[in-house]
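# coordinates only, sequence not included:
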Ligand code: UDP
């Protein structure tokens, strides 16, 4: 972990949230917790910060300015060649209109939305915009506009993992920032229950069916937690696996999420796509829960195979079943230790300050 750093004087930051759902709804996926953690850490370091987010947003104690308008369609439901679609009264447009009016009050804007508009608007703003890109390459239109910004404004494109960056033709222009968590919120559990866990948005790209199939085959109950993003997909899973030992517990706030998660023997992470990072893998490790994940995307960079979980051939249910059979070989204390060594909120705060300083062309001094 690098030395603690701090900027000479506090920054005035404007965070612009995802436009696919209100903060706290779970529809924004990992972006919601990521934004929360970064905001909390930077505010604790004395930076001043406002968050623009869709109406209905709430993020514990953080300062949110709610903006009305229609939500954006998620990029992962688009086909590669689809054009950009904007609803008439788009919350995305309204958030950036608000940002345009208040921009002189800020040093730096941070965009958390995987949407075309903020990238397109970047050259028109009188202050730099840092873009924290939350997913890998999905559509040609998004690739094109992100690449344009990456070339015109080097250093402004942040990603979460090398695997995510590698999905883009401009990988070498991306800054890999990982992620960080308030680990005090996650309690270690050394003696789990005989259950497995699966945590994520209920949506096809997350591959829940493989976790259900593995639960059915091993007979080990599976607790499912997460926002219901695609109800038709869920109905289809219920019809395909009517007797699988699964229980859907809904979308829970972090404190309640960890109470269930910590008791699991393992977390199954079964994405079909190149998961940019996989917040839930770290949350599991922080509770001492080993992670069984497909060897692709962010989770393959997180899990230490044979030490803090098992990496499995992608899309292989027999692979998951074999990994479940040897889960007792993983020491749960080692899982917690890995989260502390690599994924603390303070370490992420350092990386974010370094990134912002780099974009703004200012230097850092030792704390
Ligand atoms: N999550 C939550 N409550 C739940 C289930 C999930 O708060 O009941 C959060 C979890 O903490 C994580 C996010 O949902 O931050 C899922 O993010 P991840 O990076 O794993 O996947 P994404 O949805 O971004 O693809």
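Yep, it's here. The structure presented is a predicted model; accordingly, all values stated were derived computationally and were not measured.
# From now on I want contacts and neighbour counts done on CA atoms only, so please keep to that.
Fine.
# what's the nearest residue to residue 175 once chain neighbours are set aside sitting at in phi/psi?
Distance criterion C-alpha to C-alpha, 6 or more residues apart in numbering; nearest residue to residue 175, sequence neighbours excluded, is residue 158 at 4.7 Å. Summarising the backbone geometry of residue 158 under the convention degrees, to the nearest 10, its torsions are phi -100, psi 140.
# residues in contact with residue 158?
130, 131, 132, 133, 174, 175, 176, 177 (C-alpha atoms under 8 Å, 6 or more residues apart in numbering).
# Pull the number of nearby residues for residue 195.
Burial measure for residue 195: 20 neighbouring residues, criterion other C-alpha atoms under 10 Å.
# Tell me where the model's unsure across the protein.
In the prediction, the chain carries residues with pLDDT under 70 at positions 1-7, 365-367.
# The ligand contacts on that one?
Taking C-alpha under 6 Å from any ligand atom as the test, the list of the chain residues beside the ligand reads 26, 29-31, 33, 199-201, 225-226, 250-254, 257, 277-280.
# Got a quick PyMOL command for the buried subset of the residues you listed?
With 16 or more other C-alpha atoms under 10 Å as the burial test, the buried ones among those are selected in PyMOL as follows:
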select buried, resi 26+29+30+31+33+199+200+201+225+226+251+252+257+277+278+279+280
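# How much space separates residue 192 from residue 260?
Between residue 192 and residue 260 the distance is 10 Å, computed by C-alpha to C-alpha, to the nearest Å.
# on that earlier part again, which members of the contacts of residue 158 are positioned in strands?
Secondary-structure check on those using DSSP state E: residues within strands are 130, 131, 132, 175, 176.
# Type out the ChimeraX command that picks the buried ones from these.
Remark: buried members of the ones in strands among the contacts of residue 158, expressed as a ChimeraX selection using 16+ other C-alpha under 10 Å:
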select :130,131,132,175,176
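# Residue 52: how many residues sit nearby?
If you count neighbours by other C-alpha under 10 Å, residue 52 ends up with 24.
# Following element in sequence after the host helix or strand of it, please.
With the criterion set as DSSP states H and E, the secondary-structure element containing residue 52 is strand 48-54. Stepping forward along the backbone from strand 48-54, the first helix or strand reached (DSSP H and E) is strand 64-67.
# Point out the other helices and strands that that next one packs with.
Based on contacts counted as 3 or more C-alpha pairs under 8 Å, 6 or more residues apart in numbering; DSSP states H and E, the elements that strand 64-67 packs against are strand 48-54, helix 91-102.
# give me that answer again for 10 Å
Strand 64-67 makes packing contacts with strand 12-16, strand 48-54, helix 91-102 when contacts are defined by 3 or more C-alpha pairs under 10 Å, 6 or more residues apart in numbering; DSSP states H and E.
# Note down every partner strand of the one helix or strand residue 197 maps to and its orientation.
Secondary structure here is read from DSSP H and E; on that basis residue 197 sits in strand 196-199. Counting by DSSP bridges, the strands paired with strand 196-199 are strand 222-225 (parallel), strand 266-269 (parallel).
# Helices of the chain, start to end?
Assignment of helices within the chain using DSSP state H yields the ranges 30-44, 91-102, 116-121, 140-152, 162-165, 208-218, 231-240, 254-261, 279-286, 297-302, 317-325, 332-342, 345-360.
# Buried ones in the third one, by neighbour count?
In this case it means helix 116-121. Buried positions in helix 116-121, judged by neighbour count with 16+ other C-alpha under 10 Å: 116, 117, 118, 119.
# For it, name the packing helices and strands.
The helices and strands touching helix 116-121, judged by 3+ C-alpha pairs under 10 Å, 6+ apart, are helix 91-102, strand 108-111, strand 129-132, helix 140-152.
# quick one: buried residues of the first one?
Residues of helix 91-102 classed as buried by neighbour count (16+ other C-alpha under 10 Å): 91, 92, 93, 94, 95, 96, 99.
# if you skip the residues just before and after it, what's nearest to the second one?
Which is residue 92. residue 19 (5.5 Å).
# Around the one you found, count how many other residues there are.
Using other C-alpha under 10 Å as the criterion, residue 19 is surrounded by 28 other residues.
# what's near enough to touch it?
For residue 19, the contacting residues are 27-28, 52-54, 67, 69-74, 90-93, 95, 112-115, by C-alpha atoms under 10 Å, 6 or more residues apart in numbering.
# ok, the residue of the stretch 101-250 of the chain found nearest the ligand to residue 186 distance?
With distances taken as C-alpha to the nearest ligand atom, the stretch 101-250 of the chain approaches the ligand most closely at residue 226, which sits 3.5 Å away. When C-alpha to C-alpha is the yardstick, residue 226 and residue 186 sit 17 Å from each other.
# Settle this for me: residue 127 is touching residue 156, isn't it.
No: counting by C-alpha atoms under 10 Å, residue 127 stays clear of residue 156, with 11.9 Å between them.
# Common neighbours of the two, please.
Residues touching both residue 127 and residue 156 (C-alpha under 10 Å, 6+ apart) are residue 360.
# Look up how far residue 336 lies from residue 188.
Plainly put, residue 188 is 7 Å away from residue 336 if you go by C-alpha to C-alpha.
# Quick check on the two: which one has the bigger neighbour count.
Taking other C-alpha under 10 Å, residue 188 and residue 336 do not tie; residue 336 has more neighbours (25 against 22).
# Touching, residue 310 and residue 291? I think so.
Yes: under the criterion of C-alpha under 10 Å, residue 310 is in contact with residue 291, at a separation of 6.5 Å.
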